[in-house]
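> predicted structure and sequence below. I'll ask about it afterward.
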Amino acid sequence: MAHTQPPKIFEPLQVGGMTLSHRIIMSPLTRIRCPNSLPDALVAEYYAQRTTPGGLIIGEGTHPSIMAGNFLNVPGMFTLEHVQAWKLVTDAVHAKGGFIVCQLWHVGRFAVAVQLGGREPLSSSATNIGLSNRFTPKGRVPTEKSKEMTPSEIQTTIDEHVHAAKCALEAGFDAVEITMGNGYLCDQFLNSGVNLRADKYGGSIENRARFPLELLDAVIAAIQPSKTAVRFSPWGTVLMPLDSDPISTFSYVLSEVEKRGLAYVCLTQPRTDLFLPEETKWENLHHASDIGAIKAIKDEITLKPFFKILRTTPAFATGGYDDKNCFEEVESGELNAVTFGRWFISNPDLVDRIRMGKSLTPWKQESFYADGAWGYTDYPSADIEVDA
Ligand SMILES: Cc1cc2nc3c(=O)[nH]c(=O)nc-3n(C[C@H](O)[C@H](O)[C@H](O)COP(=O)(O)O)c2cc1C
């Protein structure tokens, strides 16, 4: 049903230097469609299809270096070739009046040596996720034990992110998001179960947050806070155990982030775990609360306390939003904007569909990580669909 009065989700929002015309944002979505880590005309077409005037797209996870993962057909952002290739995409989005952010993605211990030129994957500590089937050009391989990053590797990783952030702006991106959620490198420092270090980067919350905040500050110094953003997953259980005290850990981190005047912060909803059904994720979180494995009671398992900390930083949320449940938190002011992942895959014109109350096309999960146009650029827009 079409809305009679425009809901707040269709009101403008200032995000750093970008004046958005609405608050339906495309989530970062890895689609492994970048041959040799270079986006091409097909990738540009995919993003252009999802662009709206004044709309914001957060681009797919992009490696700032080889050691960040070097995943097959995942794009990079550290060579001249990467910069030139990405210009195809940023130009296509800007030509339609949209904005696009580059998400820098270092996977840490999720990488495997065979893709790192034989080098051990880096992490806060020497741990193993324990996956048996990482996909590589040389077939499926198990994850191995990561290497505890030395102070010099920590500095190199920060420098790589700074270089990649500068490259992203050179390539025409409007801002840079650093992924600090979903169990990837920065999360591997924040998380009490994975970070076992005894130096100034481990132990207390302040120490576990040191590397992510140093990295953030270095990027801010290079490209300005108004062009810098972050993603966190305070209730995340993807690729790692839940932090023992998520409320304290992320309250501290977000209060530090709030001081820095970033473009935005995006937080993952506790219900979200792409490997588990929503109910199972909730059951697991409640069980952890019941047995005292986390310092939080069931009612506290929300993003509310974190959004309250972000008084001046635009706050986005991701995970499980659809055309029905996306309005309320924006309307109440709890959130500033909602990001959509899977619905944006299958609905290039998602914003118009939500605006007009048109039904959404279901996604084909088998096409998420595949080749070519199938399940990528071949989803129809509502205006060319024959209504049943
Ligand atoms: C195919 C696929 C690829 C994804 N790739 C990324 C990524 O590159 N970076 C990231 O931070 N999140 C990634 N995510 C998570 C999404 O950004 C989003 O948080 C998640 O899909 C939940 O939102 P949804 O319920 O609207 O799909 C991915 C999710 C899917 C389904």
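Looks like it came in fine.
> residue contacts, the residue of the stretch 101-250 of the chain found nearest the ligand?
At 4.8 Å from the ligand, residue 179 is the closest residue in the stretch 101-250 of the chain, using C-beta to the nearest ligand atom. Where you see a C-beta, it was placed from the backbone N, CA and C, and this is true even at glycine. Residue 179 is in contact with 28, 61, 103, 104, 105, 106, 186, 230, 231, counting by C-beta atoms under 8 Å, 6 or more residues apart in numbering.
> which pLDDT value belongs to it?
At residue 179 the predicted local confidence, pLDDT, stands at 97.
> got the contacts of residue 179 as TSV, with neighbour count columns?
Putting these into TSV (neighbours: other C-beta atoms under 10 Å) gives the following:
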residue	neighbour count
28	22
61	25
103	24
104	25
105	26
106	26
186	28
230	27
231	27
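> of those residues, list those near the ligand.
Filtering the contacts of residue 179 for proximity to the ligand by C-beta under 6 Å from any ligand atom leaves 28, 61, 103, 105, 231.
> give the helix, strand or coil label for the closest residue in space to residue 222 that isn't next to it in sequence.
Spatially, and ignoring its direct neighbours in sequence, residue 222 is nearest to residue 162 (4.7 Å; C-beta to C-beta, 6 or more residues apart in numbering). In terms of secondary structure, residue 162 is helix; the call rests on DSSP: H, G, I helix; E, B strand; the rest coil.
> burial of residue 162, as a residue count?
Other residues within reach of residue 162, judged by other C-beta atoms under 10 Å, total 18.
> re earlier: which two among the contacts of residue 179 are spaced furthest apart?
The largest distance within these, taken as C-beta to C-beta, falls between 28 and 186 and amounts to 14.6 Å.
> how about the residues of the stretch 151-300 of the chain near the ligand?
If contact is defined as C-beta under 6 Å from any ligand atom, the residues of the stretch 151-300 of the chain in contact with the ligand are 179, 182, 231, 268, 272, 274.
> so after the helix or strand where residue 217 lies, what's the next helix or strand?
Residue 217 is located in helix 210-223, with elements delineated by DSSP states H and E. Heading C-terminal from helix 210-223, the first helix or strand you meet, by DSSP H and E, is strand 228-232.
> tell me which stretches of the stretch 51-200 of the chain form helices.
Taking DSSP state H, counting those that start in this stretch, the helices of the stretch 51-200 of the chain run over residues 80-95, 151-170, 185-190.
> ditto for the stretch 251-388 of the chain
Taking DSSP H, counting those that start in this stretch as the criterion, the stretch 251-388 of the chain carries its helices at 278-290, 304-309, 328-332, 342-346, 350-356.
> so which bits of the third one are buried?
Going by neighbour count (16 or more other C-beta atoms under 10 Å), the buried part of helix 328-332 is 329, 330.
> that helix vs the ligand: in contact?
No - Helix 328-332 stays out of contact with the ligand when judged by C-beta under 6 Å from any ligand atom, the minimum separation being 13.9 Å.
> poorly predicted segments of the chain, please.
Residues of the chain meeting the criterion pLDDT under 70: 1-4, 384-388.
> picking that back up, next, format the residues of the stretch 151-300 of the chain next to the ligand as CSV and append distance to residue 195.
Converted to CSV, those look like this (distance: C-beta to C-beta, whole Å):
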residue, distance to residue 195
179, 17
182, 16
231, 18
268, 19
272, 22
274, 23
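> run through the bridge partners of the residue of the stretch 101-250 of the chain closest to the ligand.
residue 231 (DSSP bridges).
> circling back to that earlier point, and the gap between the residue nearest to residue 222 and residue 216?
Residue 162 sits 11 Å away from residue 216 when distances are taken as C-beta to C-beta, to the nearest Å.
> burial measure for residue 74, as a count.
A count of nearby residues for residue 74, using other C-beta under 10 Å, gives 20.
> thought it was touching residue 66?
No - Residue 74 sits out of contact with residue 66 when judged by C-beta atoms under 8 Å, with a separation of 11.4 Å.
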